[in-house]
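J.: Sequence first, then the predicted structure:
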Amino acid sequence: MQKLSKKSRTLIVAGAVILLLLLYFRSIKLEKGNKKEQAQAVATIAELKAGYRGGITMTYRFFYKNKRYSGTRKVFISSSYIKRFKDKHFTVVFNKLEPSKNRLLLLAKDFEEFDVAYPDSLEWIEVLKRKSL
């Protein structure tokens, strides 16, 4: 069996990485879906767990057409702030055709990603994130 040169291996690896990145960003774009299919609801934090290596994992629930849906979201904020999120209400964005595809919006970048106005009332979460770094 013939060995590949170092340059050939590098090109193959670089090509594979570029292909994977393209597929990843395409899947994100498809996941966001069409703006017409995007809807919002108010989600309630149902369960909170402190991560082993930091961060907070939130389980949230929301209703759409009288059916309950849920999701989880991990944020890298110090788990010492976990009680501040208990029983809070936040915006969730979801696909009307598949409400199980949803995302809890907490940070300013989340709102930008889905083209939703960021409420000033959530600035406290950005402050907690900065304190957690």
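T.: That came in fine, so what should we check first?

J.: okay, CA-based contacts and neighbour counts for the rest of this
T.: OK.

J.: Domain-wise, how is this protein divided?
T.: Here the domain parsing of the chain from automatic domain parsing is 1-32, 35-132.

J.: got the end-to-end distance for the last one?
T.: Terminal residues of domain 35-132 are spaced 33 Å apart (CA to CA, to the nearest Å).

J.: Please identify the most buried of the domains of the chain.
T.: Comparing the domains of the chain by mean neighbour count (mean count of other CA atoms under 10 Å), domain 35-132 comes out on top with a mean of 16.

J.: Give me the distance from it to the chain's centre.
T.: 8 Å (CA atoms, centre = their mean, to the nearest Å).

J.: ok so, going back, need the domains of the chain in TSV (columns: mean pLDDT).
T.: Output for the domains of the chain, formatted as TSV (pLDDT from 0 to 100):
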stretch	mean pLDDT
domain 1-32	71
domain 35-132	93
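
J.: and Ala14, helix, strand or coil?
T.: At Ala14 the chain is in helix, as set by DSSP: H, G, I helix; E, B strand; the rest coil.

J.: Same question for Leu22.
T.: Recorded secondary structure, Leu22: helix (three-state DSSP).

J.: Next up, identify which helix or strand Arg103 is on.
T.: strand 102-104 (DSSP states H and E).

J.: Sheet-wise, list the partners of the longest strand along the chain with their directions.
T.: Counting by DSSP state E, the longest strand found in the chain is strand 38-50. Note on strand 38-50: by DSSP bridges, its sheet partners are strand 56-64 (antiparallel), strand 89-95 (antiparallel).

J.: who's in contact with the residue nearest the centre of the chain?
T.: Centroid-nearest residue in the chain: Arg103, 5.7 Å away (criterion: CA atoms, centre = their mean). By CA atoms under 8 Å, 6 or more residues apart in numbering, the residues touching Arg103 are Gly71, Arg73, Val92, Val93, Phe94.
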